[in-house]
Each structure stands twice: as C-alpha cells, then as structure tokens.
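Trainee: sequence plus the predicted model coming up.
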Amino acid sequence: MLREVGPVVRGQSRVKLLGGLLVRYGGAVALVAGAFLLRQEISTASGPLPLYITFVPMLMVVALLWGLRAGLLATGLAAILAWYWILPPVGQFRIEGSSDLVGLVLFTGTGIFISVVGHLYQRARQRAAALENEAKYRLLFHNMLDGFAYCRMLFDDGGRPIDFVYLDVNDSFARLTGLHDVAGKRVTEVVPGIRESNPELFEIYGRVASTGQPERFETYLEPLGIWFSIAVYSPKKDHFVAVFDNITQRKQAEEALRKSEADLKEADRRKNEFLAMLSHELRNPLAPIRNSLTIMQRAVPGGDQARRAQQTIDRQTAHMTRLIDELLDVTRISRGKITLQRERLDLCDLVRRTAEDHRSLFAKEGVDLEVHTAAQPLWVDGDQTRLTQVLGNLLQNAAKFTARGGTASVSVEEDRAAGEALVRVRDTGVGVSAEMLAHVFEPFEQADKTLDRSGGGLGLGLTLVKSLVELHGGRVEGRSGGEGTGAEFMVRLPLERREVEPASAGPSVEPRPLRRQRVLVIEDNVDAAESLGDALKLDGYEVAVAFDGSQGIEKAREFGPDVVFCDIGLPGMDGYEVARAFRSDAALRGVLLAALTGYAGPEDQRRAAEAGFARHLAKPASLQALEEVIASLRS
C-alpha cells in the first residue's frame, strides 16, 4: 500500500503545477487583452487618451499577483499591441514618429521596472510568510510532548548502518532521554555502548533511511534504562525522523500486572493444594475416631480395647483441635487481631520447660533431644503462651522430620553484640532443599508433598513461628545444607536489660468440681448438645439441654440452672440475644453464663462480654475447662 502512494502523489503534484502555470500566464494574457479593449472603448467614447493609460495599472496588478515572469510577459504583449494597433500607422509593425518610438521604449522599460519591483515585493512577502510559518512550526516543534529527532544515517562501505548524527532535536528530547546538547554529534558518542546493546535500533533506522518505508516499534535502551515507543520515517534519502515517547512507567505497570497475575495464579495453586491438604488432614483423624466408636460399641466396657479406643479418640480430637487452632491463629495474625500478653520472662527457663513438655514426643519417635541453655537467665519481654507455641512448633517439626535414631537439639545463648537472645533448634533429619528453603515460612508450604503425607499438618507451623516472632520484635531464619543434611532454625528476640526478677507465681490450685450443680446446655447441634450433657451427667451434674435460644430461656425458668453453656451461632435468637434476655430477667440475672462457641477471636470475646457472658470458651472445650467454669461458682 505504501509503495502505491508515491506515484499518486507525484501525479497530483503535476496537475497542481500545470494549473498554477495556466492561472499565472493565462491571467496575464487576459489582463493585457482587457486593458487594451478598455482603452479602445474609452478612446472611442471620449476621444484620444494617453497611450499607456490602461496598460501601466494592468502591469502593476500582474507583477504584484504573479511575479516577474508574468509581468514581463504582460509588458511584451502590451508593447506589441500598442505597436500594431495604437501607434500610427495602425495595423503595421512600423513607427513613423521618433516620439512614438521613445514612448514605446519608455513603456517597455517601465513595464520591466514594475515587474522587477512586483517580483521583489512578492519575494519579500513570501519570505515573511515563511519566517512566520517557521516560527509557528518551531514553537510547535519545541512544545510537542513527544520527543523529536532529525538524523542523518551513516553507512559503511558495505552499505551497513553503523551510526547516525543528530541534526536537530526538540526540547522534549532532553526531557524524555536525559541527553543534552546532542545536535551535530553521533549517537555512539552521546550514548556509549548503544551499538552493542541495541543493534536492532541501527538496523531499523538504516532500513527506513534507505527504503523510505516508515516503521513503528518499542525497544528498551539498556544504557539509558528507558523503554521507548518510536515511530520513524524518512523525509529524504539517508535521513530519518524519529518521534518517540518514554513508556517506561507503562512497561513497569504492565510488568507489575504480569507479576500480580502470576502471584494470583500461584496463590490459587497454593489454595487448591491447601484445600486438598486440608481435606486429607481432617479426614485422617475421622477414620480412627469412627473406628474407635465402633470398637467401643462392641468391646467390653472398661476393657483394654475400649480403653485404647478412648485414647485414640482423645489423641485424634486433640490433633484436629490443633489443626483448627493453627488456621485460626494465622487468620488472626493476618488481620492484626492477635494481642500479646507481655510479661518479663526468662527465656532459658521457658526453653527448658517447653523441651520437657515435648520430650515424650521425641521418645515416641525414637529421636534423642538435647537441651543447652545459658548459665544466667536471659530476660525477654514476651507472651509466654505465644513463645511456648513458637518453640513447640519448631520442636514438633524437628521430631516429625527426623528419622528414628536421629538427634535434635535446642539451645539458648546471648548475642551480646546484637543485644539479642538466640534460640537454635537443630536436627539431623531430612533437611530442606535450597528451593524449598526460600518459601518455607510461607503459608501452606511443605517439603512433604507426597501422596502419603506421612508428616501431616497444614504447613502453617513455620508461618506462625515467623509471625509470632516478628510480633515480639524478633526474626527467624532457616538453614539447611540440602536434603538429607538436617535443618537448623534460629529465633532471635531482643533482650530485656532490667535486672529484676519476675514475680513468682502463686501455687496453682487444682479445680475441684462442685457436684450436683445444675447445668443448662443451649446448642443447636443435637449431637454436640447431647454428648456434652451426657459427659456432664457422668461427672455428677444435673443437666438440661435446649436446641435453640427461645427453648433455652423457657427451660432455664423451669430448671433453674446454676451455669449455662450457650452456643453463639443459634438459629433465630442468637447467643448474644439469649445473654441479654438472661440479664434483663430478674429470675435469671444471677445465672453464670458461659459462651461455648466456634467464634473465638478477640472481637468475639468482646461482643460476648458486652452481651452479658461471664466466660468465653472456644470449641471444642475440654471437660476440665468446663469444670473450671462451674468451680468458679465457689468464689
């Protein structure tokens, strides 16, 4: 298509040129004829007139309108007409009087003079118009937002483009490129290394300068660190004009969008893996629980089989509770809902106690556990429960991923230079690959991705470790020499420098349940309500059960409970409304209300307290926790 444009444009230019010549010279002839006819008409009507009275104004008009050549043509034609038709003898190319000859010569000279003056005037006017247009285009040129560069291409002897010279650039060129004073300089002088980093730039510019075919492209100029969108065309042979814009921000936005899409795809992949993992991990405990229930139905009550089945149910329930707690903790941390209950702690003592709590786990797995602590206390300002959770997760990982006969160790030391306490948990287990080590603290990431998933878990333990340590102002790091070389996790916590011994805790009092007290359970899950009621009855309490809020209030008025365990997510009248109803009823106002619910976040606890609940227990609550609530009635 572009090759066909040239001949069409050239044909149009020829037509325009011929039209201009016809107007210029045809007009001159027509004005000469008109001036001659006008003179003859006036002369006939009013008598003899001065010889050139109509010709001189006509020559001035022609010269001003069409310049020198048209003026000379009009002068010649007027002189011939005067010689033949006006000067005697009329109708002959002969002059009798010398005065007529002198007049004709003077007229011709005057016509030439007028033509020259008209031509000079026309040239001056054209030059002024050209300067005005140039000023307008120069103003536009330097104020256009796009960069503009007019260049001459340089070729070697073989016709290959090797360089180009900047002939002119606009103001936006410097703004978009950061290059100044480039006119008259070669690009290889202005931007060293560009020929090596961007050879395609020279190929495209050389091709356009040689063929005249315009091109548009995008490129990254590595020496400048800038992305450009460039349109290039050739105004004449071996020259080109490049109009360009800096599109670095757009490219960065596109790259950020691509990265965001990749991150979303990765998050979706990990979500799908997590859902499959969650399904596996939740189904695993359900199988032995169901099997144990079958055994308990058929086994001799109190026998070995029934006792083992009961222990299995207890272990698997604890395992499921731990999985759910991990999920809830990660959610709370990500939403900023975790509040640390800080106190002054001896980290050495905390590590020793946590290690002892987990020693039975290591013994069961056949792994030796070594504990090394500093001789002096190392005080930190922390949440005892959460730091115990951090150490417990690291120790559980060490036991889980170390084969029987292996060794694990936990140590605490002081890093005086950094003012930190350093806890190291090492093992001689399966280790972590370098690829996995970079993602080991991310949610739902696990090294064990085999179908059997013998390690178990949701891949949240190390995520919790990192989040909880950072909440304490510390940091955690994982190291491993690769698969089969074991792993080491280091936790650093800022030391508390005040040398004040923490207040000793008073002696713990084992709660003693009060017998024959009345307990009302309000729970819409029939199995949960009846099983909880049966458990409390076996422990000696009088128990009533209701399956919704309204029924619970009615039963409370009839039964007269001392304690009410109430679910929050009840159909119709929820647990908050039940609590407010109890507190507004004079007969029920003194009943101890305890929320027993799956809504266990800090905000949920606050709402429960505002509604009138005295205690808040997260499902599944142990029987010991329930008895502690009942025992609190003594106080």
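Mentor: Alright, I've got the coordinates.
Trainee: residue 28: what's it in contact with?
Mentor: 62, 66, 70-71, 73-74, 77 (CB atoms under 8 Å, 6 or more residues apart in numbering). For the C-beta atoms, the positions are set from N, CA and C on the backbone; glycine is no exception.
Trainee: so which elements touch the biggest helix by length in the chain?
Mentor: For the chain, the longest helix by residue count, based on DSSP state H, is helix 248-298. In terms of contacts (3 or more CB pairs under 8 Å, 6 or more residues apart in numbering; DSSP states H and E), helix 248-298 is packed against strand 226-233, helix 304-334.
Trainee: now the last one: average pLDDT?
Mentor: For helix 304-334, the mean pLDDT works out to 75.
Trainee: could you identify the helix or strand that succeeds it?
Mentor: strand 342-346 (DSSP states H and E).
Trainee: ok now that next one, how far from the chain's centre?
Mentor: The chain centre lies 40 Å from the centre of strand 342-346; the measure is CA atoms, centre = their mean, to the nearest Å.
Trainee: what lines up beside it in the sheet?
Mentor: Strand pairing for strand 342-346, using DSSP bridges, gives strand 379-383 (antiparallel).
Trainee: so which bits of the partner strand are buried?
Mentor: Residues of strand 379-383 classed as buried by neighbour count (16 or more other CB atoms under 10 Å): 379-383.
Trainee: just send those residues back as CSV, with distance to residue 110 and pLDDT too.
Mentor: As requested, the buried residues of strand 379-383 are exported to CSV (distance: CB to CB, whole Å; pLDDT from 0 to 100):
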residue, distance to residue 110, pLDDT
379, 117, 94
380, 113, 94
381, 112, 93
382, 113, 91
383, 113, 88
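Trainee: next SSE after the lowest-mean-pLDDT helix or strand in the chain?
Mentor: Ranked by mean pLDDT, DSSP states H and E, the weakest helix or strand in the chain is helix 2-46, scoring a mean of 73. Going down the chain from helix 2-46, the next helix or strand is helix 55-81, by DSSP H and E.
Trainee: roughly how far is that following helix from the heart of the chain?
Mentor: 76 Å.
Trainee: same check on stretch 527-534?
Mentor: Computed by CA atoms, centre = their mean, the chain-centroid distance of stretch 527-534 equals 50 Å.
Trainee: could you list the buried residues of it?
Mentor: Here stretch 527-534 shows 529, 532-533 as buried, counting by 16+ other CB under 10 Å.
Trainee: where does the most centrally placed residue in the chain land on pLDDT?
Mentor: Taking CA atoms, centre = their mean, the centroid of the chain lies closest to residue 256, which sits 4.9 Å from it. Listed pLDDT for residue 256 reads 93.
Trainee: what's opposite the closest residue to residue 621 other than its chain neighbours in the beta bridge?
Mentor: Excluding its sequence neighbours, the residue lying closest to residue 621 (CB to CB, 6 or more residues apart in numbering) is residue 596, at 6.1 Å. Using DSSP bridges, the bridge partners assigned to residue 596 are residue 617.
Trainee: in contact with residue 596, which residues?
Mentor: 523, 565-567, 617, 619, 621, 626.
Trainee: now, the residues you listed that are in helices?
Mentor: Checking those against DSSP H, those in helices are residue 626.
Trainee: of the contacts of residue 596, buried ones?
Mentor: Using 16+ other CB under 10 Å, the buried ones in the contacts of residue 596 are 523, 565-567, 617, 619, 621, 626.
Trainee: report the contact partners of residue 370.
Mentor: 407-410.
Trainee: what does residue 366 give?
Mentor: By CB under 8 Å, 6+ apart, residue 366 lies in contact with 404-405.
Trainee: likewise residue 248?
Mentor: Contacts of residue 248 by CB under 8 Å, 6+ apart are 225-227.
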